[in-house]
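K.L.:
predicted model and sequence follow; I will ask about them next.
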There are 2 protein chains.
Amino acid sequence: MTMRDVAVAAGVSPKTVSNVVNDYVHVRPETRALVQRYVEELGYRPQAVGRQLRRGRTGAIALAVPHVDMPYFADLAALLVSAARDRGLTVVVEQTDGDVEREREVAAGFPVRFADALIFSPLSMAPAELALARHDTPMVLLGEHGAAAHADRVDIDSTAIGRTATSHLAAAGRRRIAVVGHQRDPAKIAMKQRVLGYEQALRAAGLPRERSLIRTVSGWDRQPGADAVDALLAEHPDVDAVFAANDVLAIGVLSALHRHGRRVPDDVAVIGVDDVPESRFTTPALTTVAIDRAFVVEQALEMITSRLAEPDLAPRSVVAPHRLVVRGSA
Amino acid sequence: MTMRDVAVAAGVSPKTVSNVVNDYVHVRPETRALVQRYVEELGYRPQAVGRQLRRGRTGAIALAVPHVDMPYFADLAALLVSAARDRGLTVVVEQTDGDVEREREVAAGFPVRFADALIFSPLSMAPAELALARHDTPMVLLGEHGAAAHADRVDIDSTAIGRTATSHLAAAGRRRIAVVGHQRDPAKIAMKQRVLGYEQALRAAGLPRERSLIRTVSGWDRQPGADAVDALLAEHPDVDAVFAANDVLAIGVLSALHRHGRRVPDDVAVIGVDDVPESRFTTPALTTVAIDRAFVVEQALEMITSRLAEPDLAPRSVVAPHRLVVRGSA
DNA sequence: CTCCCTCTTTACATCGTGGTAAACACTGTC
DNA sequence: GACAGTGTTTACCACGATGTAAAGAGGGAG
């Protein structure tokens, strides 16, 4: 079902159908009505692909994240889809699983050019490597990537977040503060920075840094958070606070602490990062450092639209605000 | 940067570039190498839109759900994106917010045809109305839509799920069983069916149906679940079990019960539906009726690919399996 | 009645790619 | 040296839509 079919049925030229569909001014009302009747009758819908080819834009933007089902990214995706819709854009979702190879594909702009622009949240790629990305698709990097990349960026100051979270625990009088979320892979910079912020805050509070309080996890999910607590308690039964590098880890931490009979926050305080929706509903409700996701999405879209309009803009970067949200757990 | 540019640079015809890019057999190794060098050098990537137009397929499938950030749908989306990727397909995500108008647009196949096929999880549209959907884009309906629609369907037997959940509570000796999740809008059939299953199970267990134990919610999220408990306890301090029509509601229920000082499961048992990831990590861990989401996604994709290959297939439907997952809350 | 101006419709070309089939090059054979 | 046969490259067009420019229709002025 193409314009041609409608045109033939209505006895006009394809271009007239196009003019009707696109609300061109100089179309006789009767002609417009006639064409519209056949559009209805035949159930004609314009095919995006023809338009796109002609106009040079697909109207789609790609969102590449490690996992869309992780609450933080799910939320981001939901916000983006809504905001994009408001601007007449469609979102295609890609998942990297945090895999370096997949991230490289994404950074290279995908093997095939599908979208007008790309919003990319890398997990495993080193900033230095990201800086080499060379393709003409406008890209916005999400996350903590310092000054390395020359793409547009909406940064997250994970070091400051780590400081905020840890200082809060220290200020509440906690002395044996563990951090859960270290990862061996040095390219996983977000975690690294959050742990760095943790160390800075410990120092500022005059607390000793103990290697064994820095707990490595196998991934950023609830189960690894719980596993980390099992190991932590075996080694450090006297721990009195846990800074989890994000909320899902923290939720695993809460669950494991409960299983071990530790009361939160009486025995052990817990704080996370992200302020995912479920954090309000844990028992106790999770204290966390909220990252302003609406800001991230708005800025990313704004960067994209302005760069599409003006491709030669210098790379820009903003830092997403974060704030401490005190609930019951710390 | 098009094939033409590469062709000019390499001194060959555009078609030769196409042949190289598509691994056509009869290309001299030297020519192939030459072209590949220029592809590299110029950073050429084929544009999906040209291919799509030529091949008549976009390689994209649309997923339309009420909210991608709801854990159930986030999970579904993640599974779909992965499975689609394995088949060389891209997923574009649409959100209806459960809004009838938006759902109508989706059911009509969107105003503009972007994707080869559509996977649609309606929330507010009545089955009767869905049955009228008339467009040539293959559509798979997800959810509980009975025999009404003539599209392919992956159904969920919400009545059976409601029975399973409620019988489990009754079998454990609970007598004052509430259900949280009723909605006033009669088109919201999923909830209606779950409540129906609840009523059937009560009858089977010889328990009276009490109108005031059927709690209406303003939405399917954690907060409405919590709100429902506040109202429920005010009216029925003696309630000893809650069947929440899905897990996020149940999580709100757990949180509110805890706030009210009720012990779960000792004082009140709680059961949900969906088995979302966070259900393992609530305190106590949530007993739930798991819906096999991997099955849903696999079947939906299978239906789509087979229908794209053979458009005249009769509409098919399968029912997604569910099973009781007993954890700590009931 | 002719000319010009405005409103409406249409022919044509083009976006980037790839299918079809024809053109071309080269090898080996008689 | 002509010819078949294989391997390699290319010309041409179509996919569906729309921008451009020109053609056609209708009305008013001279």
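P.N.:
Received the coordinates, thanks. Residues are numbered from 1 along each chain as shown, chains lettered A, B, ... in the order given.
K.L.:
for stretch A:197-208, output the C-alpha coordinates as CSV.
P.N.:
Only the C-alpha atoms of stretch A:197-208 are listed here, as CSV (Å, rounded to 0.1, in the frame of the first residue of the first chain):
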residue,chain,number,x,y,z
GLY,A,197,35.2,9.1,46.6
TYR,A,198,34.7,6.6,49.4
GLU,A,199,38.4,6.7,50.2
GLN,A,200,38.5,10.5,50.0
ALA,A,201,35.6,10.7,52.5
LEU,A,202,37.2,8.2,54.9
ARG,A,203,40.4,10.3,54.9
ALA,A,204,38.4,13.5,55.5
ALA,A,205,36.7,11.8,58.4
GLY,A,206,40.0,10.6,59.8
LEU,A,207,39.0,6.9,59.3
PRO,A,208,41.6,4.3,58.2
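K.L.:
just name the shakiest helix or strand of chain A by mean pLDDT.
P.N.:
helix A:127-130 (a mean of 82; mean pLDDT, DSSP states H and E).
K.L.:
off-centre distance for that helix?
P.N.:
18 Å (CA atoms, centre = their mean, to the nearest Å).
K.L.:
mean confidence score for stretch A:154-172?
P.N.:
The average pLDDT within stretch A:154-172 is 97.
K.L.:
buried ones in it?
P.N.:
A:154-170, A:172 (16 or more other CB atoms under 10 Å in any protein chain shown). Every residue, glycine included, has its C-beta placed from N, CA and C.
K.L.:
now swap in stretch A:76-92 and tell me
P.N.:
Of the residues in stretch A:76-92, those buried (16+ other CB under 10 Å) are A:76-84, A:89-92.
K.L.:
contacting chain B as well, which ones from those residues?
P.N.:
A:77-79, A:81-82, A:90-92 (CB under 8 Å from any CB of the partner chain).
K.L.:
got JSON lines for these, with distance to DNA strand C and secondary structure too?
P.N.:
What follows is these, written out as JSON lines (distance: CB to the nearest atom of the strand, whole Å; DSSP: H, G, I helix; E, B strand; the rest coil):
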{"residue": "A:A77", "distance to DNA strand C": "28", "secondary structure": "helix"}
{"residue": "A:A78", "distance to DNA strand C": "32", "secondary structure": "helix"}
{"residue": "A:L79", "distance to DNA strand C": "31", "secondary structure": "helix"}
{"residue": "A:V81", "distance to DNA strand C": "27", "secondary structure": "helix"}
{"residue": "A:S82", "distance to DNA strand C": "30", "secondary structure": "helix"}
{"residue": "A:T90", "distance to DNA strand C": "19", "secondary structure": "strand"}
{"residue": "A:V91", "distance to DNA strand C": "22", "secondary structure": "strand"}
{"residue": "A:V92", "distance to DNA strand C": "18", "secondary structure": "strand"}
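K.L.:
quickly name whichever of these is closest to B:S279.
P.N.:
Nearest to B:S279 among these is A:A78, at 20.2 Å by CB to CB.
K.L.:
distance of the nearest residue to the closest one once chain neighbours are set aside from B:K15?
P.N.:
Once flanking residues are discounted, A:A78 sits nearest to B:D69: 3.7 Å by CB to CB, 6 or more residues apart in numbering or on different chains. B:D69 sits at a distance of 46 Å from B:K15 (criterion: CB to CB, to the nearest Å).
K.L.:
who's more crowded, those two?
P.N.:
B:D69 (26 against 11; other CB atoms under 10 Å in any protein chain shown).
K.L.:
can I assume the more buried one is in contact with A:R293?
P.N.:
No. With contacts defined as CB atoms under 8 Å, B:D69 does not count as touching A:R293, sitting 10.0 Å away.
K.L.:
list residues touching both of those two?
P.N.:
Common contacts of B:D69 and A:R293, defined by CB atoms under 8 Å, 6 or more residues apart in numbering or on different chains, comprise A:75, A:79.
K.L.:
next, whichever residue of chain A sits closest to DNA strand D: secondary structure please.
P.N.:
Residue of chain A nearest DNA strand D, by CB to the nearest atom of the strand: A:G50 (2.6 Å). Three-state assignment for A:G50 (DSSP: H, G, I helix; E, B strand; the rest coil): helix.
K.L.:
and it, what's its pLDDT?
P.N.:
On pLDDT, A:G50 comes in at 95.
K.L.:
give me the nearest residue to it, chain neighbours excluded.
P.N.:
B:L53 (6.5 Å).
K.L.:
helix or strand for the residue most central in space within chain A, which one?
P.N.:
The centroid of chain A falls nearest to A:F73 when counting by CA atoms, centre = their mean (4.5 Å). Assessed by DSSP states H and E, A:F73 sits inside helix A:71-86.
K.L.:
could you pull out the strands for chain A?
P.N.:
Counting by DSSP state E, residue ranges of the strands within chain A are A:60-65, A:90-95, A:117-120, A:139-143, A:152-155, A:177-182, A:214-216, A:241-244, A:269-274, A:287-291, A:317-319, A:322-325.
K.L.:
packing partners for the first one?
P.N.:
This means strand A:60-65. Judged by 3 or more CB pairs under 8 Å, 6 or more residues apart in numbering or on different chains; DSSP states H and E, the packing partners of strand A:60-65 are helix A:71-86, strand A:90-95, strand A:117-120.
K.L.:
who touches that strand?
P.N.:
A:73, A:76-77, A:80, A:84, A:89-96, A:103, A:106, A:110, A:114-121, A:301, A:304, B:92, B:114.
K.L.:
how about the residue nearest to the centre of chain A, what does it touch?
P.N.:
A:65-67, A:121.
K.L.:
switch to 6 Å and redo it
P.N.:
A:V65 (CB atoms under 6 Å, 6 or more residues apart in numbering or on different chains).
K.L.:
per-residue pLDDT, the residue nearest to A:V268 when sequence neighbours are not counted?
P.N.:
Spatial nearest neighbour of A:V268, excluding adjacent residues (CB to CB, 6+ apart): A:R262 at 4.9 Å. You'll see A:R262 listed with a pLDDT of 97.
K.L.:
can you give me the end-to-end span of stretch A:176-194?
P.N.:
17 Å (CA to CA, to the nearest Å).
K.L.:
buried residues in the least confident helix or strand of chain A?
P.N.:
So, applying 16+ other CB under 10 Å, buried residues of helix A:127-130: A:127, A:129-130.
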